[in-house]
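Participant: dropping the sequence and predicted coords here.
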Amino acid sequence: MRLSEVTRTDFRPPFGELDVVGMVAYIGSSLPGNSGFQTVYLADTDFNILGLAFWGGVKVLVSWNLSCVYWR
């Protein structure tokens, strides 16, 4: 599956989960005015970009299993 498929309106991952492999292209800053979210942008080999928003920032998840990120 390519990252571009995630943007399709009919995209529904099996079991509500999505395994993603990509290169981290950019980690956004965690500013107080952004509702506690920090966005990490991943890129694939076709230069598609996927932004993942993490509540509380990435540092909160360092001690948590990153494989438990669910599609919403």
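Facilitator: Cool, got the structure.
Participant: hey, let's count contacts and neighbours off CA atoms from now on
Facilitator: OK.
Participant: how about residue 50, what does it touch?
Facilitator: Taking CA atoms under 8 Å, 6 or more residues apart in numbering, we find residue 50 in contact with 3, 41-43.
Participant: are we agreed that it is in a helix?
Facilitator: No - assessed with DSSP: H, G, I helix; E, B strand; the rest coil, residue 50 is strand; it does not lie in a helix.
Participant: which residues does the residue nearest to the spatial centre of the chain bridge with?
Facilitator: The residue lying closest to the centre of the chain (CA atoms, centre = their mean) is residue 52, at 2.4 Å. Taking DSSP bridges as the rule, residue 52 bridges to residue 40.
Participant: do a quick rundown of the strands in the chain.
Facilitator: Along the chain, the stretches classed as strands by DSSP state E are 23-27, 37-43, 49-55.
Participant: looking at those strands, which is buried most?
Facilitator: Most buried of the strands of the chain, by mean neighbour count (mean count of other CA atoms under 10 Å): strand 37-43, with a mean of 19.
Participant: who are the packing partners of it?
Facilitator: Applying 3 or more CA pairs under 8 Å, 6 or more residues apart in numbering; DSSP states H and E, we find strand 37-43 packed against strand 23-27, strand 49-55.
Participant: got the angle between the longest one and strand 37-43?
Facilitator: The reference is to strand 49-55. 160 degrees (axes from the mean of the first three to the mean of the last three CA atoms, to 10 degrees).
Participant: could you check the pLDDT of residue 37?
Facilitator: Note for residue 37: predicted pLDDT of 81.
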